[in-house]
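A.B. asks: Next come a sequence and a model predicted from it.
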Amino acid sequence: MKVRYAYQDVDPAVAEQWPQLFEKSLEREVAPLLEKNKADETVIYVTLSKSKRDGKFHASVHAYLPGKKIVAVKSAQAVLDSLAGKIAKTLFREVKKHFDRLRGQSIYKRKARRHQLRQLKAAIASRPQDTVSEAEEVITRFLDQLKAVARRELAYLRASGDLPADYPTVEDVVDEAVAATLAEREKGMSPEYTYRLLLKNLFKAIDRELAVARQYGTAIPIDMPMPPDAKDQSEQMVEEEFYEYYQPDDSVSLADVLPAEAVETPEEELSEAELETASEGAYKLDVMKDLPIQWRRAYQLVHTDSMSKGDVAVILNTTETHVEYLVGQADSFVRARLEDAGLKSQDE
């Protein structure tokens with residue numbers, strides 16, 4: 001626990017006395033709670049002032065806690081010792097309330113997911129067995145593609161800070177998407193439409209998790225491991241997209257990253273234009289995490305997955321006209337960021 005002090009209209013003698021009084025109260029009330037919840041590196045900012053109107057000492061405290069939470073408390077007392085005790089007790093209550101909420105987040109999420117899956121399994125059980133069997137056979141063909149999209153989507157959402165590092169997993173959202181599709185796919189539905197339905201249900205499952213994360217202020221449950229750095233997650237996701245079409249041997253050169261038509265042989269020296277193209281591609285992947293979620297989904301489904309805008313409209317539950325708008329906005333954003341970075345867009 002670290003404490004940073006600021007003073008307004010306070011005598012030097014009071015400023016010298018205050019830290020000892022305040023930290024004594026913190027050690028008694030707050031420090032054990034922070035240590036118990038592995039938050040002993042918390043920084044607490046306190047401003048002490050003296051009112052000219054009523055002569056009381058006023059303390060304003062801000063504590064920066066795990067889970068992107070700032071706890072703010074204020075109090076006023078005529079005696080410094082009383083003020084230190086009062087502010088510490090109030091801070092203790094607010095910090096405890098926050099940690100209790102974080103601890104319950106993980107439990108709530110898992111209960112909600114189990115409830116959702118039970119409902120879907122009940123719906124599947126009520127359907128004709130031949131309809132379910134046919135759906136299972138078709139869905140199996142698309143599981144690898146579905147997992148790849150799920151992995152990509154979760155990587156971007158974690159890199160942008162919208163979801164915590166370890167929950168939900170790829171398996172969590174894929175299982176829910178498969179169950180939802182089994183519960184609603186009609187017999188005889190084409191494989192292509194089945195895949196669109198799988199993606200639609202995948203994004204629904206992820207959006208449910210996003211809604212819960214926002215409800216908790218994107219807080220990180222205290223019973224989960226510390227998440228890796230968001231930049232590291234983004235870089236890992238970039239590597240995953242790279243390895244989707246390049247399977248390495250002993251070493252990797254920049255030429256390996258380029259499409260086959262860009263370089264005739266791996267040994268050929270790259271031109272300046274080809275180097276710029278490769279740099280733009282790598283930078284563009286990183287830019288994607290800054291796009292609004294729907295913009296990025298539309299952009300990647302159209303440009304990365306080569307899907308028609310009509311199919312994307314079905315997946316995103318919107319109109320083709322709106323998909324054109326989303327892709328256009330994303331294109332403009334990416335183009336502007338490339339220009340800011342001094343890179344020329346490939347389509348120019």
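C.D. replies: It's in. Predicted model only: the values in this text are computed from it and were never measured.
A.B. asks: Can you verify my assumption that D130 contacts G188?
C.D. replies: No - D130 is beyond contact range of G188, at 10.9 Å (criterion: C-beta atoms under 8 Å). In short, each C-beta sits where N, CA and C put it, glycine included.
A.B. asks: which SS class is the closest residue to V46 other than its chain neighbours?
C.D. replies: Once flanking residues are discounted, V46 sits nearest to V61: 4.8 Å by C-beta to C-beta, 6 or more residues apart in numbering. When classified by DSSP: H, G, I helix; E, B strand; the rest coil, V61 comes out as strand.
A.B. asks: which residues pair with V61 across the strands?
C.D. replies: Beta bridges link V61 to V46, V73, judged by DSSP bridges.
A.B. asks: Return the per-residue confidence for it.
C.D. replies: Listed pLDDT for V61 reads 93.
A.B. asks: Next, count neighbours for it.
C.D. replies: Using other C-beta atoms under 10 Å, V61 has 23 neighbouring residues.
A.B. asks: and what of R296?
C.D. replies: Neighbour count of R296, defined by other C-beta under 10 Å: 23.
A.B. asks: Can you verify my assumption that it contacts Y156?
C.D. replies: Yes - R296 is in contact with Y156 according to C-beta under 8 Å; the separation is 6.5 Å.
A.B. asks: Now do the shared contacts for the two.
C.D. replies: M288, K289 (C-beta atoms under 8 Å, 6 or more residues apart in numbering).
A.B. asks: What's the mean pLDDT across the one helix or strand V212 maps to?
C.D. replies: Using DSSP states H and E, V212 sits in helix 191-215. Across helix 191-215, pLDDT averages out at 90.
A.B. asks: list the helices and strands it packs on?
C.D. replies: Packing partners of helix 191-215 (3 or more C-beta pairs under 8 Å, 6 or more residues apart in numbering; DSSP states H and E): helix 80-125, helix 129-141, helix 143-159, helix 170-184, helix 309-315.
A.B. asks: For that helix, buried residues please.
C.D. replies: By 16 or more other C-beta atoms under 10 Å, the buried positions in helix 191-215 come out as 194-203, 205-206, 208-209, 212-213.
A.B. asks: quick check: angle from that helix to helix 129-141?
C.D. replies: Angle of helix 191-215 versus helix 129-141, following axes from the mean of the first three to the mean of the last three C-alpha atoms, to 10 degrees, is 80 degrees.
A.B. asks: Centre of the chain to helix 191-215, how far?
C.D. replies: Its chain's C-alpha centre and that of helix 191-215 lie 15 Å apart, by C-alpha atoms, centre = their mean, to the nearest Å.
A.B. asks: Now do that helix against helix 170-184: the angle between them, please.
C.D. replies: Angle between the axes of helix 191-215 and helix 170-184 is 120 degrees (criterion: the same axes, to 10 degrees).
A.B. asks: Near A76, how many other residues are there?
C.D. replies: Neighbour count of A76, defined by other C-beta under 10 Å: 16.
A.B. asks: Could you do E134 as well?
C.D. replies: Residues near E134, counting by other C-beta under 10 Å: 17.
A.B. asks: Which pLDDT value does the model give it?
C.D. replies: At E134, the pLDDT value in this model is 95.
A.B. asks: right, and it touches K187 too?
C.D. replies: Yes - if you go by C-beta under 8 Å, E134 and K187 touch, sitting 5.8 Å apart.
A.B. asks: picking up where we left off before, and of the helices and strands packed on helix 191-215, who's closest to R337?
C.D. replies: Among the helices and strands packed on helix 191-215, the nearest to R337 by C-beta to C-beta is helix 143-159 (15.1 Å).
A.B. asks: by contact count, what packs against that closest one?
C.D. replies: helix 170-184, helix 191-215, helix 230-243, helix 293-299.
A.B. asks: Those: which one's closest to V95?
C.D. replies: helix 191-215 (20.1 Å).
A.B. asks: will you turn the helices and strands packed on helix 143-159 into CSV that also has distance to V71?
C.D. replies: Compiled in CSV, those are given as follows (distance: least, C-beta to C-beta, whole Å):
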stretch, distance to V71
helix 170-184, 31
helix 191-215, 18
helix 230-243, 23
helix 293-299, 29
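A.B. asks: Spit out the contact partners of the residue nearest to V46.
C.D. replies: For V61, the contacting residues are I44, Y45, V46, T47, A72, V73, K74, I87, L91, by C-beta under 8 Å, 6+ apart.
A.B. asks: Kindly report which one of the helices and strands packed on helix 191-215 carries the lowest mean pLDDT.
C.D. replies: Within the helices and strands packed on helix 191-215, confidence is poorest for helix 80-125, with a mean of 85 (mean pLDDT).
A.B. asks: so what's the backbone phi/psi at A6?
C.D. replies: phi -140, psi 150 (degrees, to the nearest 10).
A.B. asks: was I right about it contacting V46?
C.D. replies: Yes - using C-beta under 8 Å, A6 makes contact with V46 at a distance of 7.4 Å.
A.B. asks: more neighbours, the two?
C.D. replies: Each of A6 and V46 has its neighbours counted (other C-beta under 10 Å); V46 has more, 23 against 12.
A.B. asks: Pretty sure that one sits against Q8.
C.D. replies: No - counting by C-beta under 8 Å, V46 does not reach Q8; the two are 11.6 Å apart.
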